[in-house]
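# Sequence plus the predicted model coming up.
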Amino acid sequence: MELAGNLDIHRVFPQQTTQEQIDEYRRLSAEQASGVAIVSTRLRDRDYAATVSSYLSVSYDPPTLLVSLYAESRIAQAVVDSGSWALSLLTAEQKGQANWLASPGNPVEGLLNQIDFRRGPATDNAVIAGALAYFEVETTAVHEAATHFLVVGNVVSMGEDAPWSKDQSPLLHYAGDYRRVKP
């Protein structure tokens with residue numbers, strides 16, 4: 001253990017990560033709440049979409065977003081190949097949609113049949129109806145990071161899909177489950 005300033009630094013980076021270390025990392029990293037969104041893209045006249053909680057605003061000028069996608073997933077490959085994507089930030093009332101698009105083995109055909117959406121004005125990607133906010137993004141870089149792609153892009157369109165209400169609560173992912181800010 002090293003002491004850096006007032007921080008205790010524990011270096012535990014073995015050559016081979018054990019399942020116990022992976023499980024402990026998963027448990028500890030779940031202690032941070034994150035917003036839940038749906039990332040979508042359109043490739044060869046087919047919609048792709050998935051629930052994500054690993055995204056962030058990279059820059060305000062120019063408006064730039066990043067999303068982390070499991071590299072072997074259909075959505076990651078489609079986003080990389082299409083060059084554009086939409087991110088819809090979900091409300092707590094959209095938990096069912098988040099669950100549906102987070103389920104493994106979803107059908108490719110008709111994936112969005114049970115979700116209300118419209119086409120984004122700039123990219124034609126699906127924007128989820130009733131979302132707190134949406135962003136349409138053109139990809140500028142893709143970085144490989146362990147088992148994921150970090151997809152970075154410039155925002156080309158954004159807005160609110162429904163009038164904002166002080167009663168709305170964002171959908172959060174915390175401790176392995178979906179939560180809301182307000183009761």
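Sure, I can see it.

# Enumerate every residue touching Arg46.
Counting by CB atoms under 8 Å, 6 or more residues apart in numbering, Arg46 makes contact with 108-109. Where you see a C-beta, it was placed from the backbone N, CA and C, and this is true even at glycine.

# per-residue pLDDT, it?
For Arg46, the pLDDT comes out at 94.

# how near is it to Ala141?
Distance, Arg46 to Ala141, using CB to CB, to the nearest Å: 24 Å.

# just Leu65 next, same as before
Counting by CB to CB, the gap from Leu65 to Ala141 is 12 Å.

# Give me the more crowded residue out of these two.
Set side by side, Leu65 and Ala141 show more neighbours around Leu65, with 22 against 10, by other CB atoms under 10 Å.

# tell me which element that one is part of?
According to DSSP states H and E, Leu65 maps onto strand 63-70.

# Over to Tyr48?
Using DSSP H and E, Tyr48 sits in strand 46-52.

# who touches both of Leu65 and Ala141?
When contacts are counted by CB under 8 Å, 6+ apart, Leu65 and Ala141 have 152-153 as shared neighbours.

# Would you enumerate the residues in contact with Glu109?
Arg46.

# still on that earlier bit, next helix or strand past the strand holding Tyr48?
Following strand 46-52 in sequence order, the next helix or strand is strand 55-60 (DSSP H and E).
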